[in-house]
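Visitor: Quick one, structure for this:
(chains A and B)
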Amino acid sequence: MEQGNKNIFDVHSLTKMAICVALLCISAYISFPLPFASAMVTALTIAMNLTAFILTPRQVLVVMLMYTAIGAAGLPVFVGGAAGIGEIFGPRGGFLIAFIMAYPLVSLFKGRSISFKRYSLAAVLIGIPLTYIGGTASLMWFMHLSLMQALLAAVLPFIPGDVIKALLAAWLGVRLNKFFVEQI
Amino acid sequence: MLTDITIGQYFPGDSVLHRMDPRVKIVLLFFFIVGIFIFDTRGAYAVMSVFTLLLMLLSHVPLRMMARSVKPLWWILAFTFLVHLCSTPGEIFARVWIFDFTYTGFWQGFFVCLRLVLLILLSSLLTFTTSPLALTDALESLLRPLKRFGVPAHELAMMMTIALRFVPTLIEETDKIIKAQQSRGSDFSSGNLMKRVKSLIPILVPLFISAFRRADELAMAMEARCYRGGVGRTQMKALQIGGVDYLALAVTLVFAAVLGALKVVGV
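Guide: Numbering: from 1, shown residues only, chains lettered A, B, ... in the order given. The predicted structure follows:
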């Protein structure tokens, strides 16, 4: 999968990135709210982690920007079927902006070898904290909440689930990458 | 759950909003959204609510469909309203257990929620009245000036079109995979959180593998048809700015002037 450094927009990587965007759009719908919290449990982060493990960092950046742009243009592809530029300049917008920064970094730190340890470390130590920082900041700013209120609403109830999901994604990423190496 | 997905909830029609140029719609929507954040007085909110309502009626999109676009957010709305209601200091009008409900809190919560609802309604109006293809064409056209700075406008628009085209295909695929695994005895709808997360594995692995295989096949098909990127490519339906768009621009300017006046007067 490490071929796209010369031109990341050649036909093969173009279709690959497009398919990843479509996968993100679908996985955003596999989500449900937790009581007393204003963020949601979602399969989106699994798909984002997998995208980060399979593609190169630059490709991941393009995929994340494209996903956000589609949502901002008004197509209901954000978590729970939300959409619109308003969503980015809204209380949950911090998550979206954090995603754009976090997952290319996860992809950068996953290393060249296929290893469960590297993958899970990248997802747990880079992906999760960056997402939380962005989400908390935007909740505090737009909903005028205090740090503690925002943490209660968007971070603390989600930590166990997010760690489980990150580990699952790392495990899946190893399996998928091994499969792709064997195939090609 | 997956069948709820109505990506590009386009509602075909022939209203004024449908006939507008998608590029103009996107740009005007952007200004409205900026406006919602700049003009934050009660009078301005009243004017904007009425205006949004008029646009909704003008689009001939059934109001029930518009309401459905707000539904996914009712939880966050209720939560926000309650937080504001009982944690803002001010004149107390009711007291439940340890929570004090204040008038200031009530209005603050109300306006924060109203703002969100307006944002959602306005942006879903865009997709209700614009087909996904027109939308990607418009984005490509709007991105074209950025080409000088190395932004690959055509490639991005192409990616977007492919992605939107493949969403229904992949949903169908997911459905098939779920059924295939169920027929082999997988159980997706019971057990605790851990068990349910685990049950995603037999869906996600085949889904990703088949999706990437599709991407490869598509790339091969495009190469076989001599796809060479956007250079020298023509469009069957070229976008054109017409009378309706100038009218919309004029209405927006008047609207902005009214909001500006309200802000100056301080209503």
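Visitor: wait, isn't residue A:88 in contact with residue A:72?
Guide: Yes - judged on C-beta atoms under 8 Å, residue A:88 makes contact with residue A:72 at a distance of 5.6 Å. Every residue, glycine included, has its C-beta placed from N, CA and C.
Visitor: Tabulate the CA atom coordinates of stretch A:57-67 in CSV.
Guide: Listed in CSV are the C-alpha atoms of stretch A:57-67, where the atom choice follows Å, rounded to 0.1, in the frame of the first residue of the first chain:
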residue,chain,number,x,y,z
PRO,A,57,-0.6,10.1,5.7
ARG,A,58,-1.1,12.5,2.8
GLN,A,59,-3.9,10.4,1.4
VAL,A,60,-5.5,10.2,4.9
LEU,A,61,-5.4,14.0,5.0
VAL,A,62,-7.1,14.3,1.7
VAL,A,63,-9.8,11.8,2.8
MET,A,64,-10.5,13.6,6.0
LEU,A,65,-10.7,17.0,4.3
MET,A,66,-13.0,15.5,1.6
TYR,A,67,-15.3,13.9,4.2
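Visitor: how about low-confidence regions in chain B?
Guide: B:1-9, B:72-73, B:76, B:88-99, B:188-194, B:196-197, B:230, B:267 (pLDDT under 70).
Visitor: the strands in it, which residues?
Guide: Per DSSP state E, chain B carries strands over the ranges B:92-96, B:99-102.
Visitor: What residues sit buried inside the shortest one?
Guide: Of the residues in strand B:99-102, those scored as buried under the neighbour-count criterion (16 or more other C-beta atoms under 10 Å in any protein chain shown) are B:100, B:101, B:102.
Visitor: Isn't the second one up against residue B:86?
Guide: So the one you mean is residue B:101. Yes - contact between residue B:101 and residue B:86 holds when scored by C-beta under 8 Å: they sit 5.9 Å apart.
Visitor: distance of residue A:113 from chain B?
Guide: As judged by C-beta to the nearest C-beta, to the nearest Å, residue A:113 and chain B stand 20 Å apart.
Visitor: brain fart, residue A:155
Guide: Where chain B is concerned, residue A:155 sits at a distance of 15 Å (C-beta to the nearest C-beta).
Visitor: All the helices of the chain, in order from the start?
Guide: Going with chain A. Counting by DSSP state H, one finds helices in chain A at the ranges A:11-27, A:44-54, A:57-72, A:85-88, A:93-109, A:116-122, A:128-143, A:147-154, A:159-183.
Visitor: um, chain B though
Guide: According to DSSP H, the helices that chain B contains are B:16-19, B:22-38, B:42-58, B:63-70, B:74-87, B:103-129, B:132-143, B:153-183, B:193-198, B:201-224, B:243-265.
Visitor: Need those in TSV (columns: distance to chain A and mean neighbour count).
Guide: Listed next are the helices of chain B as TSV, based on distance: least, C-beta to the nearest C-beta, whole Å; neighbours: other C-beta atoms under 10 Å in any protein chain shown:
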stretch	distance to chain A	mean neighbour count
helix B:16-19	13	17
helix B:22-38	5	18
helix B:42-58	12	16
helix B:63-70	7	15
helix B:74-87	5	18
helix B:103-129	3	21
helix B:132-143	6	20
helix B:153-183	4	18
helix B:193-198	6	13
helix B:201-224	4	17
helix B:243-265	16	14
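Visitor: between these, which one is nearest to residue A:48?
Guide: Each of the helices of chain B was checked against residue A:48 via C-beta to C-beta, and the shortest separation belongs to helix B:201-224, namely 12.5 Å.
Visitor: If we only consider the buried residues of strand B:99-102, which is nearest to residue A:165?
Guide: Taking C-beta to C-beta as the measure, residue A:165 sits nearest to residue B:101 out of these, at 37.5 Å.
Visitor: How about that closest one: which residues does it bridge to?
Guide: The residues paired with residue B:101 through beta bridges, assigned by DSSP bridges, are residue B:94.
Visitor: Against residue B:116, how distant is it?
Guide: Between residue B:101 and residue B:116 the computed distance is 21 Å (C-beta to C-beta, to the nearest Å).
Visitor: try residue A:88
Guide: 13 Å.
Visitor: With residue A:152 instead?
Guide: Going from residue A:152 to residue B:116 by C-beta to C-beta gives 20 Å.
Visitor: What of residue B:233?
Guide: Separation of residue B:233 from residue B:116 (C-beta to C-beta) stands at 40 Å.
Visitor: Kindly report the same for residue B:16.
Guide: As judged by C-beta to C-beta, residue B:16 and residue B:116 stand 26 Å apart.
Visitor: what does residue A:114 give?
Guide: Taking C-beta to C-beta as the measure, residue A:114 and residue B:116 are separated by 43 Å.
Visitor: ok, now residue A:16?
Guide: Between residue A:16 and residue B:116 the computed distance is 35 Å (C-beta to C-beta).
Visitor: Same question for residue B:251.
Guide: For residue B:251, the distance to residue B:116 equals 24 Å [C-beta to C-beta].
Visitor: One more: residue B:160?
Guide: Looking at residue B:160 against residue B:116, where the rule is C-beta to C-beta, the gap reads 26 Å.
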